[in-house]
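*Asks:* no sequence on this one, just coordinates:
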């Protein structure tokens, strides 16, 4: 009994510490005056409105959403054929590409960022807005690659064989059997890449930092010139959006399975 | 539908696009970075091709040695603290009902994917004089007047552990979720208290997982580049910060690249070690 | 005319040979059971017929057309998988109509055919149910209906009934046989259950270690096993090793037997079914009798089982209860092997590996 109380207490404390910075930021975001005070004095949602009305913040928000959408889509386009190929054919050499797809995520991000910086500078595209989309797609391709490998792994091969005996060729099997079964994994792979691209700073900064402002870059730049409550409002919006996306993944997909709680053949 | 080696162009076609993308946009940039690390810097300009090791020689300076040992020490401290808190936490987490587990996972994933900018900003607010936690202490009568706790080493450490904690939980989660609950129950029926069972059965059984996770978190913490700038003082800058600084503000790409290559080697060696430790557990 | 011809069909996985040159002729409308212990290559053979494995050698011909290398989706065979492989994202009806759907049949056509087939497998009214809401037996029927949707030339089933409980399995065996007779479709079933094979098949193909040992009607496989493996695998049998010493005379452990079908000379192996062994009280005399000691006896209701030690070998005999000799375990008995019941097999050494 005592043990249980202590456990709940510890869990509660951890939840509190994890939430505390966000709660304080949420508090200061509704201050009436342009000052960093907690508990908030007065109540105002003006700073939230400013995120959408101020051209600078609105532009950064739109840029971030566009970059995240395009790069997550491109990441899925890279990961899907690769994961399918590895699942469909016996090609041990192709595992090398899987390893390549995993590497950027494991290494410290500054390394990948620096690689992209040298590359785009060398090909003369340094600062072009589209380079951040390609960079993020390759940087985050790990996520759809992992979810899709799990997804294909979960497709019982006898489904494919059954479809084949009924006259379905590779393309038809993919369209009518495999695709419907891996769709949740496609969506969660996209969502993971989307959220991480939305929050990514160093790669975006090194690649297009001087020509394009994503939200994290905008916040960091703004921090240097001092505090404005708009940052707090943006932060709260971002945290909510992130939690919403993961909530949707949990709602539509099998989150514990995606995170590896069960062995493949369970 | 026979699973065999692919033949001909048509069957290889699907992998062409991903292979091309990964080679052009990862292998080539990565190789380029390695190449740049031995290029010669042109003051005022960028760099030009050469084969000099001057950039690597700079590693031998006391300043670089200081930054390197601080980075490694900090990452190690963060790794040990994170695993120390996250292991018992994850152990409880996997025993929760499914619904509660999922709520925790969503919460942890959300924090994990937060931008370092946002984490840094949130912590500096939490530790600030005007809006920070010290106001609460003052209200409770624990402190005479509010004060600023950031930037400081403590603030940096708190921010890094905060960032690494969800990562650690998610790395540990699969191993602990698959842990055989009967093992611990068996220990319990043999008269161990839950706490004793945890330390005598669960922890030794997962020793390699713990080692592998600690290394993974170490590499993760090594990659932090913004928190040291936002929550620490200049003497708390890590190798990642230094690389960014050299590349962007000092325009010394060759030296930044050399440091990056060094960081890659350290990280890869550690990841290899972690995989080895993880594999041994699976065969055991 | 032979509908399906297997000509030296072989499958190797690296150094392991799963199927050694299987040759077989299967006439139209036959019900064939591939029978053998697990790992004997029967499933691999079926999968080669279906086009799900590439043969390493040999030919596969149907109605004169060589289909050895034809991809599975061009063969137009129906197959029921051991796991059933019903698509979880489709309803029962959609599963059955799947082969029609991918050929571009209209929704109405698909629906009509699905309902016809559900009627055929005696499962009307479940077309709109998701497969996860069906019982094991119902799924079985849906899988069978789906495999028959295109009226295939060949109906293949891989251990189709192994997941069902004993009672349901029995009922499905009979139903499957009736269905096959009604449709007159050439059918090949893989099973490890000899009872299942004996109940359903026109032709039983006994396999072991990648080889076909015998392909014959069930009663012939039982009464005239081709070798010791078949004799031992199908039902229970007594195997006696002997040496032919004179024409029609073989010496076996514990005595001499006089049999008409013996080879002129050399070692032989005799198979005698327990129900053919006749047990007499000790001391009674007659031809082809050996003396032994009763080691164990039990009542099986319809019959009595004796285990008799004859010169150190155990002989099993089944008698009607009323024929039971008055003897207790440890007592002596006389065991008769009627010549008509003794099947002469090639000696052990010549058995294929």
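*Replies:* It's in. Just so it is clear, the structure is predicted and the values come from calculations on it, not from any experiment.

*Asks:* run through the residues that contact the nearest residue to residue B:226 once chain neighbours are set aside.
*Replies:* Leaving aside its sequence neighbours, residue B:226 sits nearest to residue B:116 (CB to CB, 6 or more residues apart in numbering or on different chains; 3.9 Å). Any C-beta I mention is one placed from the backbone N, CA and C, and that applies to glycine too. Counting by CB atoms under 8 Å, 6 or more residues apart in numbering or on different chains, residue B:116 makes contact with A:201, A:216, B:163, B:224-227, B:230.

*Asks:* which ones among those are found in helices?
*Replies:* Among those, DSSP state H puts A:216, B:163, B:227, B:230 in helices.

*Asks:* of those, which pair is most distant in space?
*Replies:* Greatest spacing in the ones in helices among the contacts of residue B:116, by CB to CB: A:216 and B:163 (14.0 Å).

*Asks:* these two: which is more packed in?
*Replies:* Set side by side, residue A:216 and residue B:163 show more neighbours around residue A:216, with 26 against 23, by other CB atoms under 10 Å in any protein chain shown.

*Asks:* correct me, but the more buried one touches residue A:202?
*Replies:* No: shown here, residue A:216 and residue A:202 do not form a contact pair, counting by CB atoms under 8 Å, at 9.1 Å.

*Asks:* residue C:280 belongs to a strand?
*Replies:* Yes: using DSSP: H, G, I helix; E, B strand; the rest coil, the assignment for residue C:280 is a strand.

*Asks:* which residue sits closest to it, ignoring its sequence neighbours?
*Replies:* residue C:334 (4.3 Å).

*Asks:* where does that neighbour land on pLDDT?
*Replies:* The per-residue pLDDT reported for residue C:334 equals 90.

*Asks:* list the buried residues for stretch C:149-164?
*Replies:* C:149-150, C:152-161, C:164 (16 or more other CB atoms under 10 Å in any protein chain shown).

*Asks:* just the ones of those in strands?
*Replies:* Secondary structure from DSSP state E places C:154-158 of these in strands.

*Asks:* out of the residues you listed, who's near chain A?
*Replies:* residue C:156 (CB under 8 Å from any CB of the partner chain).

*Asks:* check contacts around residue C:291.
*Replies:* Shown in contact with residue C:291 (CB under 8 Å, 6+ apart): C:254-255, C:282, C:310, C:332-335.

*Asks:* over to residue C:232?
*Replies:* With contacts defined as CB under 8 Å, 6+ apart, residue C:232 is in contact with residue C:239.

*Asks:* quick one, phi/psi of it?
*Replies:* Residue C:232 has phi and psi values of phi -80, psi -40 when expressed as degrees, to the nearest 10.

*Asks:* gap between it and residue C:205?
*Replies:* 17 Å (CB to CB, to the nearest Å).

*Asks:* residue B:232 too?
*Replies:* 77 Å.

*Asks:* what helix or strand is the spatially closest residue to residue A:149 that is not a sequence neighbour located in?
*Replies:* Distances taken as CB to CB, 6+ apart put residue A:83 closest to residue A:149, at 5.1 Å, once the chain neighbours are dropped. In this structure, residue A:83 sits in helix A:55-88 according to DSSP states H and E.

*Asks:* helices and strands around that helix, which ones?
*Replies:* Applying 3 or more CB pairs under 8 Å, 6 or more residues apart in numbering or on different chains; DSSP states H and E, we find helix A:55-88 packed against helix A:46-53, helix A:95-106, helix A:129-139, helix A:142-153, helix A:179-199, helix A:215-224, helix A:229-252, helix B:8-22.

*Asks:* that helix: which residues count as buried?
*Replies:* Here helix A:55-88 shows A:57, A:60-61, A:63-65, A:67-88 as buried, counting by 16+ other CB under 10 Å.

*Asks:* what about that helix, average pLDDT?
*Replies:* For helix A:55-88, mean pLDDT is 94.
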